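Give me a 3D structure for the following:
(2 chains, ligands or ions: 2)
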Amino acid sequence: MSIIATNINKSFGDPPVHVLKDISLEIKDGEFVALTGRSGSGKSTLMYILSSLDNPSTGTVEISGKDIAKLSEEEIHRFRNEELGFVFQAAYMIAELSVIDNVLMPTMKFDQKEKRRSSAEHLLDEFGLKDKMKRFPRQLSGGEQQRVAIARALVMDPKYLFADEPTGALDTESGDVVMNIIKEINAKSKTTVLMVTHDPDFAREAGREIHLADGAIISNG
Amino acid sequence: MIFLAIQYLLERRRQTILTLLGVFFGTVAYVAVSGFFLGFQGYMVQQLVNNQAQIHIQAREDFVTDHQLDNDFYGTKYAHIFWSSQPARAVGYLEVQDPQAWYARLASDPRVVAYAPIMSAPVIMTLASIVQSANLIGCDPELESKVISVPYFMVEGSFQDIAAGGNRIILGEELMKRLGAGMNQVINVSVGKGAPAPFRVVGHFFSGSRGLDLQAYGNLGDVQRINLTPNRVSEIGVRLKDYSQANAIATSWGKLAPELIESWDMQNLNILSVFAIQTVLRFSMIFTVLIVAGFGIYNILNMTVSQKRQDIAILRSMGYDTFDIVMLFFSQGLIVGIVGAILGLIVGYLTCLYLQSVSFMNVTPTNPTGHLHISLSYSIYIQATFMSIFSASLASILPARAAGKLTPIEVIRQGG
Ligand SMILES: Nc1ncnc2c1ncn2[C@@H]1O[C@H](COP(=O)(O)OP(=O)(O)O)[C@@H](O)[C@H]1O
Ligand SMILES: [Mg+2]
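Numbering: from 1, shown residues only, chains lettered A, B, ... in the order given. Ligands and ions are numbered 1, 2, ... in the order given. This is a model prediction of the structure:
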């Protein structure tokens, strides 16, 4: 079980701009992979394609043995809901919902809110937000919001966590806390992590680093 | 998604209340205005079908046309006849041709409740120095009571008092007033031919309808005699089981005999066309209100969709699909529509009950309480619900579809 990308190409616009160039890679289950490279090198684009949010122009992506392009709409949404977790640079909290309800939002897709409530509370507790569960996002700091976002990404107990510069908008201290949480998730629950990052220190902490330049893999290991 | 839709609605409370008010007022207005107009129309129709016969079988009067008599006088000798004085008069008949055939036909028709022959004559009434023209209707009071409701509007005396004949007369209230007549006084009635006949006033009635209250009723035999038309009838009035079929029945009977056959609605086209105008007004008013309410919903939802792009993106990344997102926004409009409609129906109903309880009009026998007639027909409420929810849904469809088309990456790539 793993993520296998074969000959991924991606271009945008007309005339086409070739953003990803013939990328092939494999991410094994339980790995913690950092995706690095300069701004504009195609990291985010690659992550979206590997995680089913976007389609490659050519090439295939297989996750857990399934060719994503061949899944039906219904299958892909169920798969996203149950197997994939996302964290972005911004926390994307729903302002109208309390912290706990934000975390529980993914569980409502298939009616698992009550079943998952205790694990949501447990996650928030672990991330040091036990006493802020009933608060609203605007009452939280940026770092706290990002921890809530991670709890939300993990509440369905996904196999894969995709993080696009999760510390990019945080100060060093909050960034370290978030980074530690992600490391621990990978270590403890064997969640496969693909993390896009700018920070060379964080990249070193991952088990493996894939470096992109101009849409091509420069180093992989 | 309903859960989140409700949270959104509660969060922007002011806009929610404003759009809710739009739907609410539209619904209240429709229920109250329709109740008023339909109540009025129902009352008017009741008057028309009860105060008078529902189908009139009348002697047909025609007029001589310009060259109708050419042949009778000059044969085909001349190509064109110039009359120095145009022949002019009514032709045709002043009485029903074969009343017995009609009685047989009406008696065996299951759609007919009752029928009553009358002889109606324009007369001049004189009492002392007062002269007043009127319409005198000779009838069989027993039969007439089954066809029209005038016999139930007696102020004094009994309609049956004219049954025995002997020159007794019952006056409408207005006619009585103009003549200055009192009970048991004797009035001279002249039909323009023969000597005036004395009639004793044995009763009077008040219907509240001026046209009716200017008429007089007498015994059929008496009127036939003074009119010099013994055994003739000028009209047969018919009452049906279902007055709404009157038009169709009258049309089909018209093919059977030379008589002019008209139903109550044919005779009152002017009133019925006013009803049609009221209906157009009613619908254009509700349409305007709901368009305004719909635009309110449309604008606010559009705004919400663009404000909630980030929410849409993150929800999509959680596995919520296009349909979920469409429903998230569509249901907001639908909730506003449903809640606005329910509140509007309740307040509209209470408004109708209130209007019904207030005394606005003169008391008449056909409207003994003097209250407005307000329709509480359930079809008004069904129409109002349908229109409110339909317009709210229609207004929500476009913004909801736009929200559903948004993909997560186009939002997240731009950092929101
Ligand atoms: N939707 C798009 N349309 C056009 N160009 C795009 C689009 N998305 C990304 N790009 C381009 O692709 C390149 C890679 O972008 P991105 O994957 O966001 O890089 P990174 O995340 O490494 O900074 C950039 O030059 C960007 O301008
Ligand atoms: Mg990026």
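
how about the residues of chain A near ligand 1?
A:Phe12, A:Gly13, A:Val17, A:Val19, A:Gly37, A:Ser39, A:Gly40, A:Ser41, A:Gly42, A:Lys43, A:Ser44, A:Thr45 (CB under 6 Å from any ligand atom). C-betas here are computed from N, CA, C, even on glycine.

which residues does the residue lying closest to the third one once chain neighbours are set aside bridge with?
Across the structure, with CB to CB, 6 or more residues apart in numbering or on different chains as the measure, the residue nearest A:Val17 apart from its sequence neighbours is A:Ser11 (5.9 Å). Here A:Ser11 sits in beta bridges with A:His18, going by DSSP bridges.

correct me, but A:Ser11 touches A:Gly42?
No. Under the criterion of CB atoms under 8 Å, A:Ser11 makes no contact with A:Gly42, lying 10.9 Å away.

In the helix or strand harbouring B:Thr16, which residues are buried?
Per DSSP states H and E, B:Thr16 falls inside helix B:13-51. By 16 or more other CB atoms under 10 Å in any protein chain shown, the buried positions in helix B:13-51 come out as B:15-16, B:19-41, B:43-45, B:47-51.

And the contacts of the next helix or strand along the chain from it?
Using DSSP H and E, the helix or strand that follows helix B:13-51 in sequence is strand B:55-58. Outside of strand B:55-58, the residues within contact range by CB atoms under 8 Å, 6 or more residues apart in numbering or on different chains are B:96, B:102, B:234-238, B:240, B:246, B:249-250, B:253, B:257, B:259-264, B:267.

Please repeat the previous calculation with a cut-off of 7 Å.
Here strand B:55-58 makes contact (CB atoms under 7 Å, 6 or more residues apart in numbering or on different chains) with B:96, B:102, B:234-238, B:240, B:246, B:249-250, B:259-263.

same check, this time on stretch B:14-28
Stretch B:14-28 has contacts (CB under 7 Å, 6+ apart) with B:9, B:286, B:289-290, B:292-293, B:296-297, B:300, B:336-337, B:339-341, B:343-345, B:347-348, B:351, B:384, B:388, B:392.

and those residues, which are buried?
B:9, B:286, B:289-290, B:293, B:296-297, B:300, B:336-337, B:339-341, B:343-345, B:347-348, B:351, B:384, B:388, B:392.

Number of residues surrounding the closest residue to B:Gln86 other than its chain neighbours?
Nearest non-adjacent residue to B:Gln86, counting by CB to CB, 6+ apart: B:Asp66, 6.7 Å away. One way to gauge burial is a neighbour count; for B:Asp66, by other CB atoms under 10 Å in any protein chain shown, it gives 11.

longest helix in chain A, by residue count?
When chain A is scanned for its longest helix (criterion: DSSP state H), the result is helix A:172-189.

residues in contact with the residue of chain A found nearest chain B?
Nearest to chain B in chain A, going by CB to the nearest CB, is A:Asn81, at a distance of 2.8 Å. Applying CB under 7 Å, 6+ apart to A:Asn81 gives the contacts A:Pro106, A:Lys109, A:Phe110, A:Met156, B:Met318, B:Gly319.

Among these, which one is most surrounded by other residues?
The residue in the contacts of A:Asn81 with the most neighbours, by other CB under 10 Å, is A:Pro106 (30 neighbours).

shouldn't it be in contact with A:Leu154?
No. Contact criterion CB atoms under 7 Å: A:Pro106 and A:Leu154 do not qualify, at 9.5 Å.

Tell me where the chain has strands.
Just so you know, I chose chain A. For chain A, the strands defined by DSSP state E cover A:2-12, A:17-28, A:32-37, A:58-63, A:66-67, A:84-87, A:160-164, A:192-196, A:208-213, A:216-220.

Actually, chain B is the one I wanted.
Secondary structure of chain B (DSSP E): strands located at B:55-58, B:61-63, B:90-92, B:112-127, B:130-139, B:154-156, B:168-172, B:186-190, B:197-205, B:215-219, B:235-240, B:260-263.
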